[in-house]
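[1] this one's structure only:
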């Protein structure tokens, strides 16, 4: 048996490219509303009536049109509400964000800044 025969693939490591700086991050567990699977880095809005979170889309009128948080982990909510960790403050790589319909980096930058969420130009995700 050679040395190489005893080695096994332990998987791969992909560093997190979402966090972009040292600004303090505040994380909380929230409820993600059923309706879509979301990926880490999704820009979320809060549904006014229920307090649940969903992907922020500029044309929405349920409260989610206002960017409020950034998803810190994948959330598989296509069928059911799920709990997930979100960031309520911090500095994040704008290239690693998932934006909802109608939003651009320019349209979310100021509303997020008002919530102590800052965007930086980091390397591509």
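    Cool, the structure landed. From a predicted model like this one, the values you see are computed outputs, not experimental measurements.

[2] from residue 26, how far off is residue 119?
    Using Cβ to Cβ, to the nearest Å, residue 119 is found at 16 Å from residue 26. Where you see a C-beta, it was placed from the backbone N, CA and C, and this is true even at glycine.

[3] measure how buried residue 21 is and give me the count.
    13 (other Cβ atoms under 10 Å).

[4] direction included, what does the strand or helix carrying residue 70 pair against?
    In this structure, residue 70 is located in strand 67-71 according to DSSP states H and E. Using DSSP bridges, strand 67-71 pairs in its sheet with strand 43-46 (antiparallel), strand 82-93 (antiparallel).

[5] so which of the ones you listed is the most packed in?
    With neighbours defined as mean count of other Cβ atoms under 10 Å, the strands paired with strand 67-71 peak in mean count at strand 43-46, which reaches a mean of 24.

[6] and the contacts of it?
    Strand 43-46 is contacted from outside by 32, 38, 52-57, 60, 63-71, 86, 97-100, 103, 108, 112, using Cβ atoms under 8 Å, 6 or more residues apart in numbering.

[7] again, but for stretch 106-125
    For stretch 106-125, the external contacting residues (Cβ under 8 Å, 6+ apart) are 17-18, 20-21, 23, 41, 43, 56, 58, 66-70, 87-97, 99, 105.

[8] same deal with stretch 71-80?
    Defining contact as Cβ under 8 Å, 6+ apart, one finds that stretch 71-80 is touched by 18, 27, 32-44, 82, 84-87, 98.

[9] not counting its neighbours along the chain, what's nearest residue 59?
    Leaving aside its chain neighbours, residue 59 sits nearest to residue 102 (5.2 Å; criterion: Cβ to Cβ, 6 or more residues apart in numbering).

[10] repeat that for residue 33.
    residue 52 is the one closest to residue 33 (Cβ to Cβ, 6+ apart), at 4.1 Å.

[11] thought that neighbour was touching residue 30?
    Yes: using Cβ atoms under 8 Å, residue 52 is in contact with residue 30, at 7.4 Å.
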